[in-house]
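Chemist: With the input below, show me the fold.
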Amino acid sequence: MEIFFLGVGEACDTAHGNSSSLITASNGTRILLDCGFSVPHQYFRIVEQPEELDCIWISHFHGDHYLGLPLLFLRLWQLGRTRSLSIIGQKGVDHKVRAALELAYPTFEKKLSFQFDFHLLHAQETISLAGMTWSAALTQHSQYNLGLRLEDGATKFYYSGDGRAGKHAKDLIQGCDFVVHESFSKVDTYPYHGSVTTTLQLAEELEMGQIALVHLDHTLRRTELPLIEQMVQAVPHALLPVAEDRMTF
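Modeler: Below is the predicted model of the structure:
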């Protein structure tokens, strides 16, 4: 697989954008992981062809994870997309996505030149889609958030969305080649967010390849970055990516 980090920040991070990544599986399937406010502009800086995107995963319904979708759809329509677009998420994803589009651009869905193909994935469930296995687990967050494990036959990948990893999420992380995990604070300050400390503990406790820390609080990143970098560098295979980093694993 290949990962391109479109953004690595939280909702209010003006420098690093909302956390979102573009995954390319070994079979060529391209998956957008979450689509917050800042994501469409960054996406269209690197992708010019409207048909290239196959799937969108929505981890939960906080704005910095899905309210960029109306603009993404608008631009895909302008570019002439005709192929249906798969959108995968928890129960209610179809209603939330359509409501966001209607709020941003009333009646615009009727004009779209492509259709939505919605797929539901529940916690502790596995489905097959686009030549891959998709598995989900509930994380500890203020909104119902699903961590996602993707397997393409060659590689295992995990994306946390938001929230700390409980038992079921840790089961999905175990054995992954690459993990992207939300790490909002330096230590466990907030009960429904991960931290740099707890994410690095996952790297030490579980069997995995590389682990990338994203979604850091923008104030923390601005005021304590040298210390955070030192903490990350002390743990083998941990990394602190920035927007536009591209990695193959």
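
Chemist: When you work out contacts or count neighbours from here on, use the C-alpha atoms and nothing else.
Modeler: Will do.

Chemist: Who is the residue positioned nearest the centre of the chain paired with across the strands?
Modeler: In the chain, the C-alpha nearest the mean C-alpha coordinate belongs to Leu33, at 3.4 Å (Cα atoms, centre = their mean). Beta-bridge pairing for Leu33 (DSSP bridges): Ser21, Trp57.

Chemist: repeat for Asp117
Modeler: Ser86.

Chemist: just for this structure, where's the confidence low?
Modeler: Of all residues in the chain, none has pLDDT under 70.

Chemist: Quick one: the strands in it, in order.
Modeler: 2-7, 20-24, 30-33, 55-57, 85-89, 116-120, 125-129, 132-138, 146-151, 156-159, 178-182, 210-214, 238-239, 246-248 (DSSP state E).

Chemist: Distance to Thr107 added to those strands, as a markdown table?
Modeler: Output for the strands of the chain, formatted as a markdown table (distance: least, Cα to Cα, whole Å):
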| stretch | distance to Thr107 |
| --- | --- |
| strand 2-7 | 29 |
| strand 20-24 | 27 |
| strand 30-33 | 25 |
| strand 55-57 | 22 |
| strand 85-89 | 19 |
| strand 116-120 | 15 |
| strand 125-129 | 30 |
| strand 132-138 | 32 |
| strand 146-151 | 30 |
| strand 156-159 | 33 |
| strand 178-182 | 35 |
| strand 210-214 | 35 |
| strand 238-239 | 43 |
| strand 246-248 | 37 |
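
Chemist: Select, out of those, the one closest to His168.
Modeler: His168 lies closest, by Cα to Cα, to one member of the strands of the chain: strand 132-138, at 5.7 Å.

Chemist: circling back: and Ala104, which of the strands of the chain is closest to it?
Modeler: Nearest to Ala104, of all these, is strand 116-120, at 16.9 Å by Cα to Cα.

Chemist: which other residues reach the closest one?
Modeler: Strand 116-120 is contacted by residues Ser84, Leu85, Ser86, Ile87, Ile88, Gly89, Gln90, Lys91, Val93, Asp94 when judged by Cα atoms under 8 Å, 6 or more residues apart in numbering.

Chemist: Generate CSV for these, with distance to Leu172 and neighbour count as supplementary columns.
Modeler: Output for the contacts of strand 116-120, formatted as CSV (distance: Cα to Cα, whole Å; neighbours: other Cα atoms under 10 Å):
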residue, distance to Leu172, neighbour count
Ser84, 29, 16
Leu85, 26, 18
Ser86, 23, 18
Ile87, 21, 20
Ile88, 18, 21
Gly89, 17, 23
Gln90, 17, 20
Lys91, 20, 12
Val93, 22, 22
Asp94, 25, 17
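
Chemist: Output these as CSV; include the columns distance to Gly28.
Modeler: Shown next, in CSV, are the contacts of strand 116-120 (distance: Cα to Cα, whole Å):
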residue, distance to Gly28
Ser84, 17
Leu85, 15
Ser86, 15
Ile87, 17
Ile88, 18
Gly89, 21
Gln90, 24
Lys91, 27
Val93, 25
Asp94, 25
